[in-house]
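Participant: Have a look at this prediction, sequence included:
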Amino acid sequence: MSVTIYHNPNCGTSRNTLAIIKASGETPEVIHYLETPPSRERLVALLALMNISPRELLRRKGTPYDELNLDDPSLNDDQLINAMVDHPILINRPIVVTNRGARLCRPSEQVLGLLEQPIPQFTKEDGETVYYPAR
């Protein structure tokens, strides 16, 4: 199975997602998206694969979201995508792509539905244990 994660190692959710992928026996392609941001075309493709709007992918915390007035409802999808291309920190993470689909994995256990052999239980960095299938 091919697994790609758009990852930020400074993000606990992203680290947990990567750990779940590895614990499930996969060797993912890890893209540090702040160092190697997706092109505009790739970002548009990811949004389509995830079936979400650009606004749903925007990250506010720790970003220039407020300074750029991205909460302005008059901004269209192209303008929001342009903002994410210009400021990759605005792209929420982690995004995981497999042959089963693509998903913004927030919370990290969202990745379990994308994996061929998901582990039945995982303990996150904060000590929370998640189960698959959820019980």
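Facilitator: Yep, that arrived.
Participant: now the strands: where do they sit in this protein?
Facilitator: 4-7, 29-32, 95-98, 101-104, 121-123, 129-131 (DSSP state E).
Participant: Next, format the ones you listed as TSV and append mean pLDDT and distance to L47.
Facilitator: Placement of C-beta: from N, CA and C, glycine included. Listed next are the strands of the chain as TSV, based on pLDDT from 0 to 100; distance: least, C-beta to C-beta, whole Å:
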stretch	mean pLDDT	distance to L47
strand 4-7	98	12
strand 29-32	98	16
strand 95-98	98	10
strand 101-104	97	9
strand 121-123	96	27
strand 129-131	93	26
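Participant: if we compare these, which one ends up closest to D72?
Facilitator: Closest of these to D72 is strand 101-104, at 22.1 Å (criterion: C-beta to C-beta).
Participant: Give me the domain ranges for the protein.
Facilitator: Here the domain assignment for the chain is 1-33+94-135, 34-92, based on automatic domain parsing.
Participant: how about low-confidence regions in this protein?
Facilitator: 134-135 (pLDDT under 70).
Participant: can you map out the helices along it?
Facilitator: Listed in chain order, the helices of the chain (DSSP state H) span residues 12-23, 40-50, 54-57, 77-86.
Participant: ranking those helices by burial, who's on top?
Facilitator: helix 12-23 (a mean of 21; mean count of other C-beta atoms under 10 Å).
Participant: what's the spacing between it and its chain's center?
Facilitator: Distance, stretch centre to chain centre, for helix 12-23: 11 Å (C-alpha atoms, centre = their mean, to the nearest Å).
Participant: Summarise which helices and strands that helix is packed against.
Facilitator: strand 4-7, strand 121-123 (3 or more C-beta pairs under 8 Å, 6 or more residues apart in numbering; DSSP states H and E).
Participant: outside of the longest one, which residues touch it?
Facilitator: Defining contact as C-beta atoms under 8 Å, 6 or more residues apart in numbering, one finds that strand 4-7 is touched by 14, 17-18, 21, 28-33, 38, 46, 91, 93-98.
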